[in-house]
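J.: Predicted structure and sequence below. I'll ask about it afterward.
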Amino acid sequence: MQLDFYKYQGTGNDFVVIDNRQEVFPKNNTKIITQLCDRRFGVGADGLILLENDNASDFYMDYYNSDGSQSMCGNGGRCAVAFARILGIIDEQTTFKAIDGLHTATIKGDIVTLKMHDVEEVRQKDAYSFLDTGSPHHVQLVNELEKFNVTKEGAKLRYGLYGKAGSNINFVEQADSNTFGVRTYERGVEDETLSCGTGVTAVAIAMHKTGKTASNEVNIKTPGGDLTISFDQQNGSYTDVYLQGPAQMVFNGKVSW
Ligand SMILES: N[C@H](CCC[C@H](N)C(=O)O)C(=O)O
């Protein structure tokens, strides 16, 4: 079988993207997904995005981590919006569906602003917070983030604290009143990625909830680039949560198996 694919990246979180509106991709075959995402035996990516038809919105984003598991992906969502515009499905605004429901988004140049779902609950512990922004996230402040062993400590928490289902693990260092550095260990990739969209969204909300910032616009610096998160807060819930940053096509080609 031979298929056209596109490679996208959003702040260094990279994806194989396929137009699956004709339902040609064998998505029940996890081996093909893991192989496409393999950086030595395949194209190489943190995840796979299948863009599909949806009868209630502009398109459906079917997202797979590089190990074939599924969840919502914030950076992937931004890339899917950029891809939908290239395909001519959308213009500057869209409503699309993902595993966690409907999202609206706007795109100007290569900057995509994606509305994330509301967050009602932030579990606060002494050393960390835990919340779901479409995917589950552990958020923990550390010192000397640049030197921190994210892969080792992330794996320890991901398996030790959260069992089989696991969680993504975000390590955070505050830079100023509304700026934070973030490095993320992603479940499903089982490694550090250069950026995680649902992760930085979780960090922004957790930092606001725990009083580290009073601002409802938070800047995040990841190893792959900068993202901005804005939100409202009403009776303890976070609403109108927006994730903003670049999404770029890198190359396209054909894969066969
Ligand atoms: N990179 C993604 C997260 C993928 C989800 C995932 N790793 C999981 O929870 O299974 C993002 O930008 O939000």
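T.: Right, received. Where do you want to start?
J.: any bit of the helix or strand encompassing Ala204 sitting next to the ligand?
T.: Assessed by DSSP states H and E, Ala204 sits inside helix 197-209. Yes - shown here: helix 197-209 in contact with the ligand (CB under 6 Å from any ligand atom) through 197-199. Yep, even glycine has a C-beta here, placed from its N, CA and C like the rest.
J.: now the host helix or strand of His137 and helix 197-209, what's the angle there?
T.: Using DSSP H and E, the element containing His137 is strand 136-141. Calculated by axes from the mean of the first three to the mean of the last three CA atoms, to 10 degrees, strand 136-141 forms an angle of 50 degrees with helix 197-209.
J.: Need the residues that contact strand 136-141.
T.: Applying CB atoms under 8 Å, 6 or more residues apart in numbering, the contact partners of strand 136-141 are 127-131, 157-158, 161-162, 165-174, 187, 198-199, 202-203, 206-207, 212.
J.: Distance check, Phe180 against Ala127.
T.: 17 Å (CB to CB, to the nearest Å).
J.: related to what we said a few turns ago, what's the ChimeraX syntax to select whichever of the contacts of strand 136-141 are buried?
T.: Buried residues among those (16 or more other CB atoms under 10 Å), as a ChimeraX selection:
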select :128,129,130,131,157,158,162,166,167,168,169,170,171,172,173,187,198,199,202,203,206,207,212
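J.: does Leu102 have beta-bridge partners, and which?
T.: Beta-bridge pairing for Leu102 (DSSP bridges): Lys97.
J.: mind listing what it touches?
T.: Contacts of Leu102 were listed using CB under 8 Å, 6+ apart, and they are 56-57, 95-96.
J.: Looking at neighbours, which among these is most surrounded?
T.: Phe96 (24 neighbours; other CB atoms under 10 Å).
J.: Assign Gly68 to helix, strand or coil.
T.: With DSSP: H, G, I helix; E, B strand; the rest coil as the basis, the three-state label of Gly68 is coil.
J.: was I right about it contacting Lys27?
T.: No - with contact defined as CB atoms under 8 Å, Gly68 does not count as touching Lys27 (9.3 Å).
J.: shared neighbours of the two, which are they?
T.: Ile33.
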